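Trainee: need a 3D model of the following:
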Amino acid sequence: MNAATIDIGPPSMRFDRCANLLRNPSIHSLAWLSIEKAVQLAFSFISIGIIARALGPQHYGEFQYVLAVLFIFSAVTLGCGAEVIAPDLVKLSYVKSRQGILGSALLIRLALGGVAMLLMATSGLFWFSGTVGQGVAIMALSLLIAEPFNILRIIRESASNTRVIARIRFQTSVLKLVAIAGVAALGGGVLSMLAIYLAETIVIAAAYVYLIADDGRPWDWRPTRRHTARLLRASVPVWLGLALMIGMQRMDRLVLGISLPPAIFGEYAAAMSLMDSVMFFGPVVMTALTPRLLYRHENLSIVARNAGRLLIILTCLGLAAVIGFYLFSGLLTTAIFGERFVQVQEILRAASWITVVGFFDTGVTALLVRLRYFRLIAAKWLGGFLVCFLVLWLGDRGEWLTGIAGLIAGYTTAASIGMGTVFFKLRKSRMGVRAL
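Mentor: Presented below is the predicted three-dimensional model:
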């Protein structure tokens, strides 16, 4: 067929199609979440640069080590997360039913946050020493605040209405940057910077409570025994998977923080802190698109086809990150960290490949959530955790490249286990496998 003979419709029809696309709630949600993450990324890069320049490689390594410990303990608080709550919220419209689910989820998360806070504070006082120990004890309070009140964020994300979230994150990012710049100008150390991060967590939680009242205030929610028991049963496999994922994602820093020279570890931590910021784009895309692409469809072939599209989008996003780091890492590292962090550019280029397998695995996890294969999520992350551990244990822990190799191997193993098992389980459904 000649291109000239293809009927693409009159201009008014094409305009209407574009207008309908722009009115799509998923596109709105993705746009606002992308704006939020882009703003956070920009402010994060600036903040990281100010902190790194103020503290220097060795003390910046201590700062990042405390945040790595916080990230590990945060795994305890992640029970009953969006993977379990969002599908229910998407399907339910009756306020009382939603409040029962939300109240039960909040009760579970507050209990887990309290346990995590006590465990982390105890480790800071009795296990770690010096500045790291004090920082760990201080940051423990954030575990009781961050994830429990992130349930309010899940309400808006499940409704593909995230504008207020972007506004809150933008305003708090500005305040945080101003505070960091002020503390750096006054010669503040590691503990002062950590205190700003704790304050940010408190402010964000308060803003969520004040501005997001779609289902009433948290004190209006009433947990029920039935919902609590059901959410706990559904959460355990997902929670174990998330705990293993978090353990894998920070295992490199916990291991290399002990084995590398302090200055070298500071540079490795600086590079990986930038990677952490970029890696959050994968979950942002997944969060914005999965409610309409996956959660709202019952037909397996449609779910599988949309999952394939999501995986392509996420993989392309990862490849774009690799290209960006190879082209601009030199300019980026010099602008952010200055001249004292000489190896960050090389580390960033090597670590950029984590985004490809990491983003792909994010899409695999979204598909497993939709198919309710929660135990498989835990199984795939157990495989990734063990492979990452083996690479770090058997590799040269005196080289930073071992940490990157462990993460790439872990993500690749987790994604392979997830996709391989999905194909195996769907082998009797030819439409599902063909669409996927």
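
Trainee: sketch out the low-pLDDT regions of the stretch 1-150 of the chain for me.
Mentor: 1-37, 93-95 (pLDDT under 70).

Trainee: where along it do the strands fall?
Mentor: Read by DSSP state E, counting those that start in this stretch, the stretch 1-150 of the chain holds no strands at all.

Trainee: how far does the longest helix belonging to the chain sit from its chain's centre?
Mentor: With secondary structure taken from DSSP state H, the chain has its longest helix at helix 25-74. When distances are taken as Cα atoms, centre = their mean, to the nearest Å, helix 25-74 is centred 11 Å away from the chain's centroid.

Trainee: what's that helix packed up against?
Mentor: helix 95-126, helix 130-139, helix 163-185, helix 190-211, helix 225-259, helix 262-279, helix 281-290, helix 300-337 (3 or more Cβ pairs under 8 Å, 6 or more residues apart in numbering; DSSP states H and E). From N, CA and C alone the C-beta is placed, and that goes for glycine too.

Trainee: wait, which of those helices is closest to residue 343?
Mentor: helix 262-279 (4.7 Å; Cβ to Cβ).

Trainee: the inter-axis angle of the closest one versus helix 25-74?
Mentor: 150 degrees (axes from the mean of the first three to the mean of the last three Cα atoms, to 10 degrees).

Trainee: pLDDT on helix 262-279, on average?
Mentor: Throughout helix 262-279, pLDDT has a mean value of 86.

Trainee: give me the residues contacting it.
Mentor: 40-41, 44-45, 48, 52, 56-61, 64-65, 67-68, 252-253, 256-257, 260, 321, 332-333, 336-337, 341-344, 347-348, 351-352, 354-355, 358-359, 400, 403 (Cβ atoms under 8 Å, 6 or more residues apart in numbering).

Trainee: burial count for residue 316?
Mentor: 12 (other Cβ atoms under 10 Å).

Trainee: residue closest to the middle of the chain?
Mentor: By Cα atoms, centre = their mean, the chain has its centre lying nearest to residue 280, at 4.7 Å.

Trainee: quick one: that residue from residue 409, how far?
Mentor: 21 Å (Cβ to Cβ, to the nearest Å).

Trainee: list only buried entries from the contacts of helix 262-279.
Mentor: 40-41, 44-45, 48, 52, 57, 59-61, 64-65, 67-68, 252-253, 256-257, 260, 321, 332-333, 336-337, 341, 343-344, 347-348, 351-352, 354-355, 358-359, 400, 403 (16 or more other Cβ atoms under 10 Å).

Trainee: where does the stretch 301-436 of the chain dip in pLDDT?
Mentor: 303, 426-436.

Trainee: show me the contacts for residue 283.
Mentor: Contact partners of residue 283, counting by Cβ under 8 Å, 6+ apart, are residue 362.

Trainee: likewise for residue 154?
Mentor: 81-82, 85-86, 89 are the contacts of residue 154 under Cβ under 8 Å, 6+ apart.

Trainee: how does it look with 6 Å?
Mentor: By Cβ atoms under 6 Å, 6 or more residues apart in numbering, the residues touching residue 154 are 82, 85-86.

Trainee: what's around the residue nearest to residue 391 when sequence neighbours are not counted, how many residues?
Mentor: Distances taken as Cβ to Cβ, 6 or more residues apart in numbering place residue 406 nearest to residue 391, at 3.9 Å, with adjacent residues excluded. Close neighbours of residue 406, defined as other Cβ under 10 Å, add up to 26.

Trainee: same thing with residue 207?
Mentor: Residue 207: 19 neighbours (other Cβ under 10 Å).

Trainee: how near is it to residue 170?
Mentor: 11 Å.

Trainee: angle of the helix or strand containing residue 423 against helix 262-279?
Mentor: Element membership for residue 423, per DSSP states H and E: helix 401-425. Helix 401-425 and helix 262-279 are oriented at 30 degrees to each other (the same axes, to 10 degrees).

Trainee: helix 401-425 packs against which elements?
Mentor: Applying 3 or more Cβ pairs under 6 Å, 6 or more residues apart in numbering; DSSP states H and E, we find helix 401-425 packed against helix 225-259, helix 354-370, helix 374-394.

Trainee: residues of that helix that come out buried?
Mentor: 402-419, 421-422.

Trainee: list the contacts of it.
Mentor: By Cβ under 6 Å, 6+ apart, helix 401-425 touches 248, 252, 256, 350-351, 354, 357-358, 360-361, 364, 368, 376, 380-381, 383-384, 387-388, 391-392, 395-396.

Trainee: just the buried members of these?
Mentor: 248, 252, 256, 350-351, 354, 357-358, 360-361, 364, 368, 376, 380-381, 383-384, 387-388, 391-392, 395.

Trainee: in the stretch 151-300 of the chain, which segments are predicted with low confidence?
Mentor: Using pLDDT under 70, the stretch 151-300 of the chain drops low at 159-161, 286-300.

Trainee: now the contacts of residue 154 as a markdown table including distance to residue 271 and neighbour count?
Mentor: Formatted as a markdown table, the contacts of residue 154 follow (distance: Cβ to Cβ, whole Å; neighbours: other Cβ atoms under 10 Å):
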| residue | distance to residue 271 | neighbour count |
| --- | --- | --- |
| 82 | 29 | 22 |
| 85 | 34 | 23 |
| 86 | 33 | 20 |
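
Trainee: of the residues you listed, closest to residue 183?
Mentor: Nearest to residue 183 among the contacts of residue 154, with distances taken as Cβ to Cβ, is residue 82, at 33.0 Å.

Trainee: if we ignore the residues flanking it in sequence, what's nearest that closest one?
Mentor: residue 154 (4.7 Å).

Trainee: measure that neighbour to residue 83 for me?
Mentor: Going from residue 154 to residue 83 by Cβ to Cβ gives 10 Å.

Trainee: do residue 408 as well
Mentor: Counting by Cβ to Cβ, the gap from residue 408 to residue 83 is 24 Å.

Trainee: one more: residue 359?
Mentor: Look at residue 359 and residue 83: by Cβ to Cβ, they are 17 Å apart.

Trainee: cool, and residue 228?
Mentor: 17 Å.

Trainee: when the two are compared, which one has more neighbours?
Mentor: Neighbour count, other Cβ under 10 Å: between residue 228 and residue 83, residue 83 has more, with 24 against 18.

Trainee: and that one, how far is that from residue 221?
Mentor: Distance from residue 83 to residue 221, by Cβ to Cβ: 20 Å.

Trainee: how about residue 153?
Mentor: 15 Å.

Trainee: count of residues packed around residue 208?
Mentor: 21.

Trainee: please shift the residue numbers so they start at 2 in all later answers.
Mentor: Will do, 2 is the new start, and the previous item becomes residue 209.
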